[in-house]
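Q: Need a 3D model of the following:
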Amino acid sequence: MTIRITSQMTSGLMNTTLNKNLSGIYSVYEQISTGKKLTSVGQSPIEGTKVMKYNTQLGQLSDWSKNIATAKEELSMSYDTLGLVNENLQRINELALQAANSTNSDESIEAIRDEINSRIKTIEQLSNTKYQDKYIFSGSNTTTRPYTLDDDFNVTYEGTPQDGDWERNVEISKDTTIALNVNGQEIFGDENSGLFATLKNLTDSLNTADFDPLEVSACLTPLQNEIKNVTAAQATMSNRVQRLDATSAINSDFTLNLTEGKSSIEDTDLIQAASELARYQMALQASLQAGATIMQQVSLLNYI
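A: Okay, here's the model as predicted:
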């Protein structure tokens, strides 16, 4: 049985071949212009699913990176704030040592008392430091001012209690969190004990009508213990920042590996794309030439 190839069949075959080559050229042009060889899951479900997983993981790493940056900023501010507290306490300690010397005049004691009172007020201001509108030493109750001193240096603490749920944690890697804050009450104390209570005792010993240097001397050891306590809190923050730096480095390595894996699937290989473009262009040119020859022959046959 002889199959007769009609001009319509020939034309259809030519159009199919031309469209295939044109589609290939368009696809390669798009890859070159966008830099992406995979723009939708439908192009390759298996590879597209891999890219989606990469994007999910990279999104998590991005969130962790932001949390680490925020945590470092707040912890650094807390560290610096306590550094200022420590400077004031060191000066108060020096002044208390001077006051404990029985050779001071009344004018000297008054000057010492005034400077100590001023520095205690400065420490109160520092205990109410904010980061992004949050009181950093107020525990989880960040909208409430934690410390208030009255004119007699009696303190009121309104932050989260030391035995309460005071930690504010953020996730920095998979199943790993870190506390943004330290316990304010543990550092500054309250109306009954701690730093402000120690400072209150010191001011009381300086404000008595019958001044006794021995009463000031009795405040020195508790005061120096509070200085050590503040220094220990700073060390805790420093250790956390080091941990954040280490975690950030690990997360950066993961990010780089995932980005490279995603790129190997998704991004255009420009050298390969240029080669494919040239191949499609040559195929298109050959198809056009072949089509012209065939159609010319078909036209001649119509006259035979």
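Q: Could you use CA atoms for every contact and neighbour count after this?
A: OK.
Q: For the host helix or strand of residue 206, C-alpha coordinates in PDB please.
A: Residue 206 is part of helix 195-207, with elements assigned from DSSP states H and E. Extracted C-alpha coordinates of helix 195-207, given in PDB (Å, rounded to 0.1, in the frame of the first residue of the first chain):
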ATOM      1  CA  LEU A 195      22.200  46.000  95.200                       C
ATOM      2  CA  PHE A 196      19.700  48.800  95.900                       C
ATOM      3  CA  ALA A 197      19.200  47.500  99.400                       C
ATOM      4  CA  THR A 198      22.900  47.600 100.000                       C
ATOM      5  CA  LEU A 199      23.100  51.200  98.600                       C
ATOM      6  CA  LYS A 200      20.200  52.200 100.800                       C
ATOM      7  CA  ASN A 201      22.100  51.000 103.900                       C
ATOM      8  CA  LEU A 202      25.100  53.000 102.800                       C
ATOM      9  CA  THR A 203      23.100  56.200 102.300                       C
ATOM     10  CA  ASP A 204      21.400  55.600 105.700                       C
ATOM     11  CA  SER A 205      24.900  55.300 107.400                       C
ATOM     12  CA  LEU A 206      26.000  58.500 105.700                       C
ATOM     13  CA  ASN A 207      22.800  60.500 106.600                       C
END
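Q: Can you name the element that comes right after that helix?
A: Helix 195-207 is succeeded, C-terminally, by helix 213-266 (DSSP H and E).
Q: Can you list the helices and strands that that next one packs against?
A: For helix 213-266, the packing partners by 3 or more CA pairs under 8 Å, 6 or more residues apart in numbering; DSSP states H and E come out as helix 45-99, strand 169-173, helix 184-188, helix 195-207.
Q: which residues touch the helix holding residue 206?
A: Applying CA atoms under 8 Å, 6 or more residues apart in numbering, the external contacts of helix 195-207 come out as 109, 113, 116-117, 120, 153-155, 187-191, 211-212, 215-216, 219, 222-223, 226.
Q: okay, the angle between that helix and helix 45-99?
A: Note on geometry: by axes from the mean of the first three to the mean of the last three CA atoms, to 10 degrees, helix 195-207 and helix 45-99 are set 20 degrees apart in direction.
Q: List of residues touching stretch 130-150?
A: With CA under 8 Å, 6+ apart as the criterion, stretch 130-150 contacts 74, 77-78, 121, 124, 127-129, 155-161, 165-168, 181-185.
Q: Give me the domain ranges for this structure.
A: Domain segmentation of the chain under automatic domain parsing yields 52-261, 269-304.
Q: Turn these into CSV, including distance to residue 45 and mean neighbour count.
A: Listed next are these as CSV, based on distance: least, CA to CA, whole Å; neighbours: other CA atoms under 10 Å:
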stretch, distance to residue 45, mean neighbour count
domain 52-261, 10, 18
domain 269-304, 20, 14
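Q: now those domains as a markdown table including mean pLDDT and distance to residue 46?
A: Output for those, formatted as a markdown table (pLDDT from 0 to 100; distance: least, CA to CA, whole Å):
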| stretch | mean pLDDT | distance to residue 46 |
| --- | --- | --- |
| domain 52-261 | 94 | 10 |
| domain 269-304 | 56 | 19 |
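Q: ok, back up a step: please narrow the contacts of stretch 130-150 to those residing in strands.
A: The strands, defined by DSSP state E, take in 155, 156, 157 from these.
Q: Which strand residues bridge the last one?
A: Going back to what we said before, that points to residue 157. residue 147 (DSSP bridges).
Q: what's near enough to touch it?
A: Going by CA under 8 Å, 6+ apart, the list of residues near residue 157 reads 146, 147, 148, 185, 190, 191.
Q: The same query, at a cut-off of 10 Å, please.
A: 138, 144-149, 184-185, 188-191 (CA atoms under 10 Å, 6 or more residues apart in numbering).
Q: same deal with the second one?
A: If a contact means CA under 10 Å, 6+ apart, then residue 156 has 146, 147, 148, 149, 150, 189, 190, 191, 192, 196 as its contacts.
Q: Pull up the gap between residue 133 and residue 143, please.
A: 8 Å (CA to CA, to the nearest Å).
Q: same deal with residue 67?
A: As judged by CA to CA, residue 67 and residue 143 stand 20 Å apart.
Q: now swap in residue 192 and tell me
A: Counting by CA to CA - residue 192 and residue 143 are separated by 23 Å.
Q: go on, residue 188?
A: Applying CA to CA to residue 188 and residue 143 gives a distance of 18 Å.
Q: now do residue 68
A: To residue 143, residue 68 is 22 Å away according to CA to CA.
Q: List the contacts of residue 254.
A: 57, 58, 61, 248, 260.
Q: typed the wrong thing, it's residue 217
A: 96, 97, 98, 99, 100, 101, 202, 205.
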